[in-house]
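Asks: predicted model follows, preceded by the sequence.
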Protein chains: 2
Amino acid sequence: MSNPAGQRRRGPGRPGYDQATVLRRAIELFNRKGYEGTSMGDLAEELGFSKSAIYHHVPSKTHLLAQALDEALDELTVVIREAQDESAGSAYERLRSVVRRSVEVLVAHQPAVTLLLRVRGNSEVELEALRRRRWIDARLADLVRAAAQEGAIRDDLPPDLVSRLLFGMVNSLIEWYRPEGEMSATVVADAIATIAFDGLTKRPS
Amino acid sequence: MSNPAGQRRRGPGRPGYDQATVLRRAIELFNRKGYEGTSMGDLAEELGFSKSAIYHHVPSKTHLLAQALDEALDELTVVIREAQDESAGSAYERLRSVVRRSVEVLVAHQPAVTLLLRVRGNSEVELEALRRRRWIDARLADLVRAAAQEGAIRDDLPPDLVSRLLFGMVNSLIEWYRPEGEMSATVVADAIATIAFDGLTKRPS
DNA sequence: GTCTATATCCTGATAGAC
DNA sequence: GTCTATCAGGATATAGAC
């Protein structure tokens, strides 16, 4: 915490991490081994010091989880807020835009979003995160419904089902996307939009 | 094990469960609370007897997980085998068919497949399951590549990316689909095929 | 087939020395 | 700010009575 950059502090001495760095490494571990499958001992080992020293940086394991889930939820909430601004275009345009923005958030905050999407509701922190997530999902469904009512997208499929499948495809990114890979967020977002809105089948056009 | 139907055995006496029933309830709990978040004590409580009595039915917690993952992997492997039979039609036809069959398996074996899709590689059992799953994913990508080479689906998107997104959409079913709901596997499979192959955008047609 | 009791280990978290 | 030592509780799994 005396070290905003998360780097080594003094010439000699132990590593020294700030809160943000500890959080980042914790989320990494939670995703690799699962939250319950990761012990504070594991995290200590990862950071290179003893188990008890962690509690100098962070109040509890639960607090680490809460911070991570908030990071993801706050970012996704911003995307929803943008999509609710009707002056930004038709529902169809805003739906395409929210797909793109969601991909951007998933890519930029992949570890935190991954953690969020795996939450099961095992504690009060997780239940609260699930509540916020359900609110987001409901707003996405609203947008799909509005686009269907505009006549912009097909109305022969239940909007709730379309919403689940469309954002199911978006969310599946977290299973394989790695920012250090060669695929940019733009390429992925374009591919999702192309598949979802234009379809895979080749057309004469 | 003396009770193939998983029902009460004698008039008087304790419930009495067979292996299959214990496994089914275990998978249910693993999905609700996570595998690591579920203790054998939780499972005992769910089944209505003491913690230690479970070990009369099942050798270990790990064994329960292995059985569940095998159930899912065996079913998905059958789907892949079917799709590899080139006499069954063009790659495009087989791709559409494998999407439908995957949905059927996800719906019929939803709890086991859910567990499989959440495995992180935390133990030897999980690592072996991940190996088998990666093999399946690779065969699905082969099929998408073949369909693109046939000229049946668009070739302006990387086949590996298409495969990940397409089956990401299929797999996202496990997050919300409940067999007791009003949506049949057929409706869901049709919706996925329509979105993925024809697209959401309304066309003059 | 289920129970109580127990063995052994690991968990999140704290106390206090340096 | 990190350490060793420790706590109380819970984990998987086993032993042996009934």
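Replies: Received, thanks.
Asks: make it CA atoms for all contacts and neighbour counts henceforth
Replies: Noted.
Asks: can you list the domain ranges for chain A.
Replies: A:19-56, A:61-198 (automatic domain parsing).
Asks: quick one: which helix or strand includes the residue lying closest to A:Leu64 once chain neighbours are set aside?
Replies: Leaving out its chain neighbours, the residue that sits closest to A:Leu64 by CA to CA, 6 or more residues apart in numbering or on different chains is A:Leu23, at 6.2 Å. Counting by DSSP states H and E, the element that carries A:Leu23 is helix A:19-33.
Asks: what residues does the following helix or strand past that helix touch?
Replies: Per DSSP H and E, helix A:19-33 leads on to helix A:40-47 as the next helix or strand towards the C-terminus. By CA atoms under 8 Å, 6 or more residues apart in numbering or on different chains, the residues outside helix A:40-47 that reach it are A:22, A:25-26, A:29, A:50-51, A:53-54, A:61.
Asks: any idea which helix or strand comes after helix A:40-47?
Replies: Past helix A:40-47, the next helix or strand by DSSP H and E is helix A:61-84.
Asks: so is that next one next to DNA strand D?
Replies: No - judged by CA under 7 Å from any atom of the strand, helix A:61-84 makes no contact with DNA strand D; its nearest approach is 14.6 Å.
Asks: so what secondary structure elements neighbour that helix?
Replies: helix A:19-33, helix A:91-108, helix A:110-117, helix A:124-149 (3 or more CA pairs under 8 Å, 6 or more residues apart in numbering or on different chains; DSSP states H and E).
Asks: any weak-confidence spans in chain A?
Replies: A:1-16, A:205 (pLDDT under 70).
Asks: run through the residues of it sitting next to chain B.
Replies: A:32-34, A:36-37, A:120-122, A:151-154, A:157, A:161-162, A:165-166, A:168-170, A:172-173, A:188, A:191-192, A:195-202 (CA under 8 Å from any CA of the partner chain).
Asks: just the ones of those residues in helices?
Replies: A:32-33, A:161-162, A:165-166, A:168-170, A:188, A:191-192 (DSSP state H).
Asks: now stretch A:134-148, how far from the centre of its chain.
Replies: 18 Å (CA atoms, centre = their mean, to the nearest Å).
Asks: what about A:Arg101, how many residues close to it?
Replies: 22 (other CA atoms under 10 Å in any protein chain shown).
Asks: my bad, A:Arg131
Replies: Residue neighbour count, defined by other CA under 10 Å, stands at 12 for A:Arg131.
Asks: what distance do you get for it to A:Leu116?
Replies: 12 Å (CA to CA, to the nearest Å).
Asks: do A:Arg32 as well
Replies: Taken as CA to CA, the span from A:Arg32 to A:Leu116 is 14 Å.
Asks: the two - which one has more neighbours?
Replies: A:Leu116 (23 against 16).
Asks: and that one, what does it touch?
Replies: A:68-69, A:72-73, A:129.
Asks: quick one: the residue nearest to A:Leu64 and A:Thr62 touch, right?
Replies: No - look at A:Leu23 against A:Thr62 with CA atoms under 8 Å: they stay out of range, at 11.5 Å.
Asks: returning to that earlier point: distance to B:Arg94 added to the domains of chain A, as JSON lines?
Replies: Shown next, in JSON lines, are the domains of chain A (distance: least, CA to CA, whole Å):
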{"stretch": "domain A:19-56", "distance to B:Arg94": "34"}
{"stretch": "domain A:61-198", "distance to B:Arg94": "18"}
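Asks: what's the closest of these to B:Ser90?
Replies: Closest approach to B:Ser90 among these (CA to CA): domain A:61-198, 20.6 Å.
Asks: in stretch A:118-135, what's buried?
Replies: By 16 or more other CA atoms under 10 Å in any protein chain shown, the buried positions in stretch A:118-135 come out as A:119-121, A:125-126, A:129-130, A:132-133.
Asks: now the two most distant members of those.
Replies: Every pair of the buried residues of stretch A:118-135 checked by CA to CA; the farthest is A:Arg120 and A:Arg132, at 13.2 Å.
Asks: quick check: closest non-adjacent residue to A:His92.
Replies: Just to correct that, residue A:92 is Tyr rather than His. The nearest residue in space to A:Tyr92 (CA to CA, 6+ apart) is A:Ala147, at 4.8 Å.
Asks: ok, now how distant is the one you found from DNA strand D?
Replies: As judged by CA to the nearest atom of the strand, to the nearest Å, A:Ala147 and DNA strand D stand 47 Å apart.
Asks: distance-wise, check A:Glu162 relative to B:Ser184.
Replies: That one is not Glu; residue A:162 is Val. Applying CA to CA to A:Val162 and B:Ser184 gives a distance of 15 Å.
Asks: about what we covered before: out of the residues of chain A next to chain B, which end up buried?
Replies: Here, 16+ other CA under 10 Å leaves A:32-34, A:37, A:120-121, A:152-154, A:157, A:161-162, A:165-166, A:168-170, A:172-173, A:188, A:191-192, A:195-202 buried among these.
Asks: hang on, the earlier thing: deepest in the core, which of the helices and strands packed on helix A:61-84 is it.
Replies: helix A:110-117 (a mean of 22; mean count of other CA atoms under 10 Å in any protein chain shown).
Asks: from the chain's centroid, how far away is that helix?
Replies: For helix A:110-117, the distance to the chain centre is 4 Å (CA atoms, centre = their mean).
Asks: kindly report the same for stretch A:86-93.
Replies: Per CA atoms, centre = their mean, the displacement of stretch A:86-93 from the mean C-alpha position of its chain is 24 Å.
Asks: also stretch A:78-88?
Replies: The answer for stretch A:78-88 is 18 Å, by CA atoms, centre = their mean.
Asks: can you name the residues in contact with it?
Replies: A:94-95, A:97-98, A:101-102, A:136, A:139-140.
Asks: now with 7 Å, please.
Replies: If you take CA atoms under 7 Å, 6 or more residues apart in numbering or on different chains as the criterion, stretch A:78-88 is touched by A:94, A:98, A:101-102, A:136.
Asks: stretch A:161-181 too?
Replies: For stretch A:161-181, using CA under 7 Å, 6+ apart, the contacting residues are A:103, A:107, A:110, A:114, A:140-141, A:144, A:196, B:165, B:168-169, B:172.
Asks: which one of the residues you listed is nearest DNA strand D?
Replies: DNA strand D lies nearest to A:Thr114 out of the contacts of stretch A:161-181, by CA to the nearest atom of the strand, at 24.4 Å.
Asks: for that closest one, give me its contacts.
Replies: A:Ile174.
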